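Novice: following is a predicted model, sequence given first.
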Amino acid sequence: MTTHFDLAPYQAPLLFLVAAGVVVPVFKRLRLSPVLGFLLAGLLIGPHGLGRLDEFMPVEIPFLVKSDRIAALAEFGVVFLMFNMGLELSLERLVVLRRYVFGLGAAQAAACGLALMVCALLLGQGWAASAVLAIALALSSTAIVMPVLAEKKRLNTFSGRAIFSVLLFQDLLVAPLLLVMSMSAGGGGADLAWTFASAFGALGLIAGIGRLALRPFFHLVAATKSDDLFIAACLLVVTATAVTAAAAGLSMALGAFIAGLLLAETEFRRAVELTIEPFKGLLLGLFFVSVGADLDPARILAHPVTTLGLALGLTALKAPIVFALARAFGAKTQKAREIGLLLAPGGEFAFLILTAATAAALLPKELADDAMIAVTLSMTFIPPLASFAMRAPKAPQIRPAPPEDLAPGSRVLIVGYGRVGQIVAELMRVHQIDYLCLDGDSGVAAAAREKGEPVYWGDATRPDFLQGCGLATARAVIITMHTPSAVDAVVRLARASNPDLTIVARARDAFHARHLYALGATDAVPETTEASLQLSEAALVDIGVPMGLVIASIHEQRDIYRKALIAEGDVAALAPRPFSARRKKR
């Protein structure tokens, strides 16, 4: 018996995987942004690309995408992006970059928004439409700019951190904007007041339940030591908060943003970031596929002045404004040019704001469609603009030191927060050295954070987790874990990341210390040796030997032992033999 197979449920995921697996690698090979690959893939397989063949075919072609079929799934791309932005907005990061987040970021949004609003009014738009267009077009693209900066290794430069600060302020701005847009559809007067009250009530409920339940929930999951369950827990939190916010009449992205904020100050932040990153990247790619699918080339040809002119005009208007602001905040000419050019094109949040404004009848749909096309076109300018902006000057020049609050991170990473790690952290605090601690026990991490210690839960033997905790910019790595295999793994990863990094590791014995030196440790400290030296020091002082002589002799013995460990000679002569071996020789 023949059965009918319905391809429709599998069509969107299959086409997206084709785009991710074929089109995007080609763009990476050409050194172009993957976002452009997703946009082009959406354009090709969308209803305005190959989908037009349906108009000439007697039957529907099954492998072409329909934008309405991927819209719901694509929305989760923005949901995961907003969740990740919430995770990024830790109090610590805001304090470090506060001058550039709330200074340069606010100035950029205000100046660009005002200039765009004036232009819209001069072009004959009403006050409401002009305000919405100005807000939407003033934003920049986090999804394209940040990967471009990371690819070109510019994140830790002055311009990279200044750009990140501006994007951070824009991310902060998006959440209240989405709230206002979603509530504007409720009408005016009493209806609007009730909408505000119910919205803030829903936000308070989500935040309250999240604050009470998220940390115990993740502790319960972490205790299972199952990566699969932790992934499921992360997806559950993002999806549940997004759906709850949507059910309350708010945007799904706003609910996910709140969940990210709640998790940002917990010990699970780094591990959650690591878990969410692949899903965010893939689903955000699907979002760009859906944007590309809605891009109608025929509309560009029908309204070339509106679409292409708006894209070029938007970039040309914002670039000098941001350049001037960056110069006012202390950036040199080349850095200011880089900041201005990368922040000048539109961003992905414009699609959300324009869609919400259309639903709230604040903006005509035809104008919103033209603006979305213009934003999409301007986003394609970012990779070539980045290449042009980041060209280093040929003439050598003295680079001024970056301001203290924009200096690259120089933390000491302490891997393992047991008894040894706590003593190391205490000494770092005494000497006013910034540090970050990692531990695989969620209970230890939670107890430390209650005391105000910067401790995060996660598996330090995973390279992506170490990188996410700042290994690339670490001042030193101190490994205090008691499991030799785990110590070996972290030493190997840290040395592979940076050949000049200072790595101090705890060793089980002399033979383990020799192995750690071979792996690239700067210093390896055997437990038995240090215990012997401390016992000797205490005994010598107690029997009356002057303290200065004792300290000098202890340091001398430690240096001799260290040189013997590093040398090619036999370390067994210095290490105590097992008891059974000594008995056989008697």
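Specialist: Perfect, I can see it now.
Novice: distance of the residue lying closest to Gly440 once chain neighbours are set aside from Cys469?
Specialist: Of all residues not flanking Gly440 in the chain, Asp459 sits nearest, at 6.0 Å (Cβ to Cβ, 6 or more residues apart in numbering). Quick note: C-beta positions are derived from backbone N, CA and C, even for glycine. Counting by Cβ to Cβ, to the nearest Å, the separation of Asp459 from Cys469 is 11 Å.
Novice: low pLDDT regions in the stretch 251-400 of the chain?
Specialist: 251, 294, 392-400 (pLDDT under 70).
Novice: okay, now the domains of this protein?
Specialist: 8-389, 409-507 (automatic domain parsing).
Novice: so can I have TSV of these showing mean neighbour count and distance to Ala524?
Specialist: Conversion of those to TSV gives the following (neighbours: other Cβ atoms under 10 Å; distance: least, Cβ to Cβ, whole Å):
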stretch	mean neighbour count	distance to Ala524
domain 8-389	19	26
domain 409-507	18	5
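Novice: these: lowest mean pLDDT?
Specialist: Considering the domains of the chain one by one, the lowest average pLDDT is found for domain 8-389, at a mean of 78.
Novice: how far is that one from where the chain is centred?
Specialist: With Cα atoms, centre = their mean, to the nearest Å as the basis, domain 8-389 stands 14 Å off its chain's centre.
Novice: ok, Asp459 - contacts?
Specialist: By Cβ atoms under 8 Å, 6 or more residues apart in numbering, the residues touching Asp459 are 271, 440, 465.
Novice: quick check: Gln432 vs Met85, distance?
Specialist: In terms of Cβ to Cβ, Gln432 sits 31 Å off from Met85.
Novice: typo on my end, Ile478
Specialist: In terms of Cβ to Cβ, Ile478 sits 31 Å off from Met85.
Novice: what does Val96 give?
Specialist: 17 Å.
Novice: on that earlier part again, distance to Met547 for the domains of the chain - can I get that in CSV?
Specialist: CSV is the format used below for those (distance: least, Cβ to Cβ, whole Å):
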stretch, distance to Met547
domain 8-389, 41
domain 409-507, 20
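Novice: nearest to Lys563, out of those?
Specialist: For the domains of the chain, proximity to Lys563 was assessed by Cβ to Cβ; domain 409-507 is nearest, at 15.4 Å.
Novice: mind checking which helix or strand Ala246 is in?
Specialist: Using DSSP states H and E, Ala246 sits within helix 227-247.
Novice: give me the helices and strands touching that helix, please.
Specialist: With contacts defined as 3 or more Cβ pairs under 8 Å, 6 or more residues apart in numbering; DSSP states H and E, the packing partners of helix 227-247 are helix 67-88, helix 190-223, helix 252-264, helix 269-294.
Novice: all helices for the stretch 401-550 of the chain, in order.
Specialist: With DSSP state H, counting those that start in this stretch applied, the stretch 401-550 of the chain shows helices at 419-430, 442-450, 463-468, 484-497, 510-519, 527-542, 547-566, listed in chain order.
Novice: hey, C-alpha coordinates of the longest one in CSV?
Specialist: Output in CSV follows, covering the C-alpha atoms of helix 547-566 (Å, rounded to 0.1, in the frame of the first residue of the first chain):
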residue,chain,number,x,y,z
MET,A,547,64.6,33.1,60.6
GLY,A,548,66.7,34.8,57.8
LEU,A,549,69.0,31.8,57.5
VAL,A,550,66.1,29.4,57.5
ILE,A,551,64.2,31.3,54.7
ALA,A,552,67.4,31.5,52.6
SER,A,553,68.1,27.8,53.0
ILE,A,554,64.5,26.8,52.2
HIS,A,555,64.6,29.0,49.0
GLU,A,556,67.9,27.5,48.0
GLN,A,557,66.6,23.9,48.4
ARG,A,558,63.5,24.8,46.5
ASP,A,559,65.6,26.2,43.6
ILE,A,560,67.8,23.1,43.6
TYR,A,561,64.9,20.8,43.5
ARG,A,562,63.1,22.8,40.7
LYS,A,563,66.3,22.7,38.6
ALA,A,564,66.6,19.0,39.0
LEU,A,565,63.0,18.5,37.9
ILE,A,566,63.5,20.6,34.8
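Novice: now for that helix, which elements pack on it?
Specialist: Helix 547-566 packs on helix 510-519, helix 527-542, going by 3+ Cβ pairs under 8 Å, 6+ apart.
Novice: now do the buried residues in it.
Specialist: Within helix 547-566, the residues that count as buried by 16 or more other Cβ atoms under 10 Å are 550, 561-562, 564-566.
Novice: now it: mean pLDDT?
Specialist: 75.
Novice: could you check the angle it makes with helix 527-542?
Specialist: 160 degrees (axes from the mean of the first three to the mean of the last three Cα atoms, to 10 degrees).
Novice: same deal with the fourth one?
Specialist: Counting by the same axes, to 10 degrees, helix 484-497 points 100 degrees away from the direction of helix 527-542.
Novice: helices or strands next to helix 484-497 in the packing?
Specialist: helix 463-468, strand 476-479, strand 502-507, helix 510-519.
Novice: now the last one and helix 484-497, what's the angle there?
Specialist: Meaning helix 510-519. 20 degrees.
Novice: buried stuff in helix 510-519?
Specialist: 510, 512-517, 519.
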